[in-house]
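> Quick check, what structure comes out for this input:
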Amino acid sequence: MNKADFFAKWSALHGNAEIKGIVKAWLKISFASAKFLSRLRITPNLLTLLGIVFAIAMAVNPLSLWTIPLLVL
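Have a look, this model is predicted:
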């Protein structure tokens, strides 16, 4: 799927919403992230598992310097 197809599909799923401004920026980031993760062959299940692991790591030591990078990931 290319970016134009992604935008068209998103718009159709959201009542043919116009893609502009912050929504367009967010969709560009989402598309680039998904493309990168698919090249690494990271499945949605693995991504969810990593999110749980990062959440546990943050809960164990919330004042660590690693908290912000883990939260972003």
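
> can you map out the helices along the chain?
3-13, 21-39, 44-60, 67-72 (DSSP state H).

> Worst mean pLDDT among those?
Here the lowest mean pLDDT among the helices of the chain goes to helix 67-72, at a mean of 72.

> can you list the helices of the chain in JSON lines and add mean neighbour count?
Placement of C-beta: from N, CA and C, glycine included. Listed next are the helices of the chain as JSON lines, based on neighbours: other C-beta atoms under 10 Å:
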{"stretch": "helix 3-13", "mean neighbour count": "12"}
{"stretch": "helix 21-39", "mean neighbour count": "12"}
{"stretch": "helix 44-60", "mean neighbour count": "11"}
{"stretch": "helix 67-72", "mean neighbour count": "12"}
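
> measure the residue nearest the centre of the chain to residue 38 for me?
Centroid check for the chain by C-alpha atoms, centre = their mean gives residue 30 as the closest residue, at 5.3 Å. Counting by C-beta to C-beta, to the nearest Å, the separation of residue 30 from residue 38 is 12 Å.

> same question, residue 61
32 Å.

> Tell me who's in contact with the residue of the chain positioned farthest from its centre.
Farthest-out residue of the chain from its mean C-alpha position, per C-alpha atoms, centre = their mean: residue 63, at 24.7 Å. For residue 63, the contact set (C-beta atoms under 8 Å, 6 or more residues apart in numbering) is empty.

> Phi and psi next, for residue 20.
Note on residue 20: its backbone torsions stand at phi -160, psi 170 [degrees, to the nearest 10].

> got the contact list for it?
With C-beta under 8 Å, 6+ apart, residue 20 has no contacts at all.

> All further residue positions should be reported with the first residue as 8.
New numbering, starting at 8: the last item is residue 27.
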